[in-house]
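Any chance you can model this:
(one chain, ligands or ions: 1)
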Amino acid sequence: MYASDLSPFKWDPQLETGYDKIDNQHRQLFKAVRNIMDASTSGKGDKVVLDTLEFLTGYALKHFEDEEQLQIDYEYPDYLNHRAIHEDFKAAVTELVKKVNHEGPNEVIIDEVCSIIRAWLVNHIKGDDFRLATFVKACDAQAMNEINEM
Ligand SMILES: [Fe+2]
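Numbers count the residues shown, from 1 in each chain. This is a model prediction of the structure:
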């Protein structure tokens, strides 16, 4: 068993929206958070911790872009609000990364940053992303019905 299997940052299947592409990316985000925690607690050195943090922020940006594109493609009615929530979180993460760079990636601050990111992700996935996935799946189901009725 990997040490990270015991981590509170482990992926929780209750967070599955049922829309594969979103779920896969969410799983990767959790994995990236675990990687930072592992790098931090196993004393791999500041550079590894900072690199893993950079990977996470880059991956999160890509994930948000993909989710927003999905909303555009499906003409999701809550798109602007959802995008604004992503924007707020991006700004918060930028501040956290600045703080890490300023203080140095010590274990205390890394634990704090990872906890904040995890808490935000859980909250966002359970609310905003579940609503989005429900909408997209309903659109897909309707499109399938229309094809079957042809
Ligand atoms: Fe989202």
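
what residue ranges in this structure score low on pLDDT?
The model of the chain has pLDDT under 70 over residues 1-7.

Name the residues of it found near the ion, please.
Glu67, Asp129 (C-beta under 5 Å from the ion). Using the backbone N, CA and C atoms, a C-beta is placed for each residue, glycine as well.

Show me where the chain has its helices.
20-41, 46-73, 79-103, 107-124, 130-149 (DSSP state H).

Pull the residues that contact the third one.
Spelled out, that is helix 79-103. Identification of contacts with helix 79-103 by C-beta atoms under 8 Å, 6 or more residues apart in numbering yields 50, 53, 57, 60-61, 64, 67-68, 71-72, 76, 109-110, 113, 116-117, 120, 124, 128, 132.

what's the angle from that helix to helix 107-124?
170 degrees (axes from the mean of the first three to the mean of the last three C-alpha atoms, to 10 degrees).

any idea of the angle helix 79-103 forms with helix 46-73?
Using the same axes, to 10 degrees: helix 79-103 against helix 46-73 is 170 degrees.

For helix 79-103, which residues meet the burial criterion?
Tyr79, His82, Arg83, Ile85, His86, Phe89, Val93, Leu96, Val97, Val100 (16 or more other C-beta atoms under 10 Å).

go on, the shortest one?
Of the residues in helix 107-124, those scored as buried under the neighbour-count criterion (16+ other C-beta under 10 Å) are Ile109, Ile110, Val113, Cys114, Ile117, Arg118, Leu121, His124.

before we move on, what about the longest one?
With burial defined by 16+ other C-beta under 10 Å, the residues of helix 46-73 counted as buried are 48-50, 52-53, 56-57, 60, 63-64, 67-68, 70-71.

nearest to Asp38, of the residues you listed?
The nearest member of the buried residues of helix 46-73 to Asp38, counting by C-beta to C-beta, is Thr52 at 8.3 Å.

Before I go, just wanted to say thanks for your time.
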